[in-house]
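[1] I need the structure of the sequence given here:
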Amino acid sequence: MKPELNLDAPGYADARAAWRGAPRAAAAAAGPGRNFWIGLLAAVLVASVALALSSGQFRPRGFGPYSVSVPLTFKPNDPTRWAVMNSDSYADALKIDPTLPDPSSVGYADATALPPADPAQLRDEAFVGPAAKSYVFRGVTALDRERAHYCLTSALYYEAASESDDGMRGVAQTVLNRVRHPSFPNTVCGVVFQGSERAGVCQFTFSCDGAMARAPSRDNWLRASRIASAALNGAVFPGVGLATHYHTTAIWPRWGKSLVMTNIVGAHIFHRWRGRWGMPDAFRAPYLGREPVPGPYLPVAQQLAMLKKGPIPGAPLLPAAAVDPLPAGGPAPLPGTLSAPAQTAAPSPSVTAAPTPPAYSDPRLNQSGQIREEYQKSGEWIR
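    Next up, the predicted model:
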């Protein structure tokens, strides 16, 4: 018969406790267990990954930019490289290494041959920004050149006749900057009279608000003509930089904050585009050279009528003969200007003379060259 194990026998519980504690005591005497080594291994792995990430040797996706180590080909004791570096001239270095790039290809110049920098000029350039590059606007024909000269002269006179020479130069530079920019017409007359086919909606408001009803004065017209001729022949006015917009100091249009102000010259504040659109590499549109017929493309009389700027009640329309013609040798009458032609011989009684259009004698339009209230927004970009 199989003997039975009596669990209630005296001394059995003590023996069982001693048997269970024996392995634990042996393990404690033997050293750390498996769980300890697993935790230590995990800690080492985490530290290794963190070290690799911080050193840049291992960057999985999502942990930063990818980088590649490129071995250096330059040796610390490379006699060829040292000979190139210590050469007296570029020609001597080129004999050692024919693959050297040409320094003149990137526009380097001899700094010792340049005049010392003017601190005032550097300060102005830092404020205004880069200047426009010199460009000669040559028309395809003599007629194109005359049209470009007339359109630019008109803009200088009606926008800045009361300004100094620099004030006119700023307007001229702005017009020509637009000609070279891809966002505007690529002709001088196209820029000056852009939008003048609509009353009150144009780029230069003198061309669509009836301002050209004022006959120009000889002195200021000749001054504008001289400055326009110099600008078309390549003269650059750095005082406004790459400005493509301006407005009078009496207003601040809503588009002013979207542009970068370059300078204040006389009564005008000049602005250029932000970002690359206002940097020198953007002004590369070729000049077409074929000038359109000068504007305004809406007759001045219609401009005045549509804008309700007709003669003041009680101010009669004078006949053309009552208006003094331009002085001899002066500029030709402007298209759309209601001024008298030069006096000619009386027609034959047998020929019926065509009726002469009236000339406006509105006193609001006879302040030549002054900035009147109705012309305060001249040059503002009208949407």
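
[2] Figure out the helix or strand that residue 190 lives in.
    helix 188-192 (DSSP states H and E).

[3] Just the CA atoms of the very next helix or strand once past that helix, as PDB, please.
    As assigned by DSSP H and E, the chain's next helix or strand after helix 188-192 is helix 218-232. What follows is helix 218-232, C-alpha atoms only, in PDB (Å, rounded to 0.1, in the frame of the first residue of the first chain):
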ATOM      1  CA  ARG A 218       7.100 127.200 -71.200                       C
ATOM      2  CA  ASP A 219       9.700 127.200 -68.500                       C
ATOM      3  CA  ASN A 220       8.600 124.100 -66.600                       C
ATOM      4  CA  TRP A 221       7.800 122.200 -69.800                       C
ATOM      5  CA  LEU A 222      11.300 122.800 -71.100                       C
ATOM      6  CA  ARG A 223      12.700 121.700 -67.700                       C
ATOM      7  CA  ALA A 224      10.700 118.500 -67.800                       C
ATOM      8  CA  SER A 225      11.800 118.000 -71.400                       C
ATOM      9  CA  ARG A 226      15.400 118.200 -70.400                       C
ATOM     10  CA  ILE A 227      15.100 115.800 -67.500                       C
ATOM     11  CA  ALA A 228      13.000 113.300 -69.600                       C
ATOM     12  CA  SER A 229      15.700 113.400 -72.300                       C
ATOM     13  CA  ALA A 230      18.400 112.600 -69.800                       C
ATOM     14  CA  ALA A 231      16.400 109.700 -68.300                       C
ATOM     15  CA  LEU A 232      15.700 108.100 -71.700                       C
END
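
[4] what comes up buried for the helix holding residue 190?
    Residues 188, 189, 190, 191, 192 are the ones in helix 188-192 that count as buried (16 or more other Cβ atoms under 10 Å). For the C-beta atoms, the positions are set from N, CA and C on the backbone; glycine is no exception.

[5] Just the residues contacting it, thanks.
    Under the contact criterion Cβ atoms under 8 Å, 6 or more residues apart in numbering, helix 188-192 has outside partners 137, 147-148, 150-152, 154-155, 175-176, 178-179, 184-185, 203-204, 207, 232, 291-295.

[6] For PyMOL, what selects the buried ones among those residues?
    Selection of the buried residues among the contacts of helix 188-192 in PyMOL, burial being defined by 16+ other Cβ under 10 Å:
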select buried, resi 137+147+148+150+151+152+154+155+175+176+178+179+184+185+203+204+207+232+291+292+294+295
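
[7] circling back to that earlier point, Serialize the buried residues of helix 188-192 to CSV and add fields for distance to residue 264 and pLDDT.
    Putting the buried residues of helix 188-192 into CSV (distance: Cβ to Cβ, whole Å; pLDDT from 0 to 100) gives the following:
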residue, distance to residue 264, pLDDT
188, 25, 97
189, 28, 96
190, 28, 95
191, 22, 96
192, 23, 96
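
[8] just curious, which of those residues is nearest to residue 287?
    Among these, residue 188 lies closest to residue 287 (Cβ to Cβ), at 8.4 Å.

[9] any idea what sits nearest the closest one, other than its immediate chain neighbours?
    residue 148 (4.1 Å; Cβ to Cβ, 6 or more residues apart in numbering).

[10] Let me know the helix or strand that the one you found is in.
    Counting by DSSP H and E, residue 148 is part of helix 142-160.

[11] Show the average pLDDT along the helix or strand following that helix.
    With elements assigned by DSSP H and E, the helix or strand that comes after helix 142-160 is helix 165-180. Across helix 165-180, pLDDT averages out at 96.

[12] Quick one: low-confidence residue ranges for the chain.
    Within the chain, the stretches falling below the threshold (pLDDT under 70) are 1-33, 52-78, 102-114, 309-383.

[13] hey, which helix is longest across it?
    helix 34-55 (DSSP state H).

[14] and that one, C-alpha only, in PDB?
    These are the backbone C-alpha positions of helix 34-55, laid out as PDB (Å, rounded to 0.1, in the frame of the first residue of the first chain):
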ATOM      1  CA  ARG A  34      17.600  38.100 -15.400                       C
ATOM      2  CA  ASN A  35      15.300  41.000 -15.000                       C
ATOM      3  CA  PHE A  36      18.200  43.200 -13.900                       C
ATOM      4  CA  TRP A  37      20.200  42.400 -17.000                       C
ATOM      5  CA  ILE A  38      17.200  43.000 -19.300                       C
ATOM      6  CA  GLY A  39      16.600  46.500 -17.800                       C
ATOM      7  CA  LEU A  40      20.300  47.300 -18.100                       C
ATOM      8  CA  LEU A  41      20.300  46.300 -21.700                       C
ATOM      9  CA  ALA A  42      17.300  48.400 -22.500                       C
ATOM     10  CA  ALA A  43      18.900  51.400 -20.800                       C
ATOM     11  CA  VAL A  44      22.100  51.000 -22.900                       C
ATOM     12  CA  LEU A  45      20.000  50.800 -26.100                       C
ATOM     13  CA  VAL A  46      18.100  53.900 -25.300                       C
ATOM     14  CA  ALA A  47      21.300  55.800 -24.500                       C
ATOM     15  CA  SER A  48      22.900  54.700 -27.700                       C
ATOM     16  CA  VAL A  49      20.000  55.900 -29.800                       C
ATOM     17  CA  ALA A  50      19.900  59.200 -28.100                       C
ATOM     18  CA  LEU A  51      23.600  59.700 -28.600                       C
ATOM     19  CA  ALA A  52      23.400  58.800 -32.300                       C
ATOM     20  CA  LEU A  53      20.500  61.300 -32.800                       C
ATOM     21  CA  SER A  54      22.400  64.100 -31.000                       C
ATOM     22  CA  SER A  55      25.600  63.500 -33.100                       C
END
